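S.K.: Just to be clear, the model below is a prediction. Sequence and coordinates:
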Amino acid sequence: MSKTIITARRHADGTLHRVLANGSEQPMPASPPKRPMSEEEICAAALADPDAHPLTEEGLGRMRQVARTKTLRRALGLTQEEFAARYQIPVGTLRDWEQGRAEPDQPARAYLKAIAGDPEAVQRALRSGSAAA
């Protein structure tokens, strides 16, 4: 593999000049300015790329939203069983939330929001509550 090394110098006006072996300089051609693509050009480019087709309404309808509960649990690095045990949520309920079979009710959403805000504080509160019982 051969490498070509080009020595260049930027002038005060921002132009680049190639420094030749004899020490003289030769202006380097400026690259053409980047032009933003229009929406039509973006769509045409996406359609031309087999790996980047835009979503159709049918494709969008097949997609499922990842449950926030699952995102929270994964962010904490916990399995379903660990999360359920740590925060005293029945594991079946947690699975139903994550798989979209059920939605957390308002108190459960508030509880999950508290866990997301300060998971250690919620865990401490649960431990101190069980010691008082």
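M.R.: Cool, got the structure. Being a predicted model, the structure only gives us computed values, none of them experimental.

S.K.: looking at the protein, which helix or strand does the model trust least?
M.R.: Using mean pLDDT, DSSP states H and E, helix 57-62 stands out as the lowest-scoring helix or strand of the chain, at a mean of 83.

S.K.: which helices and strands sit right next to it?
M.R.: Taking 3 or more C-beta pairs under 8 Å, 6 or more residues apart in numbering; DSSP states H and E as the contact definition, helix 57-62 has no neighbouring helices or strands. All C-beta atoms are positioned from the backbone trio N, CA, C, and that covers glycine.

S.K.: Just the residues contacting that helix, thanks.
M.R.: The contact list for helix 57-62, computed with C-beta atoms under 8 Å, 6 or more residues apart in numbering, is empty.

S.K.: Alpha carbons of it, as PDB, please.
M.R.: Listed next in PDB are the C-alpha coordinates belonging to helix 57-62 (Å, rounded to 0.1, in the frame of the first residue of the first chain):
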ATOM      1  CA  GLU A  57     -48.200   3.500   7.100                       C
ATOM      2  CA  GLU A  58     -48.400  -0.300   7.100                       C
ATOM      3  CA  GLY A  59     -44.900  -0.600   8.400                       C
ATOM      4  CA  LEU A  60     -45.400   2.000  11.000                       C
ATOM      5  CA  GLY A  61     -48.600   0.100  12.200                       C
ATOM      6  CA  ARG A  62     -46.500  -3.100  12.700                       C
END
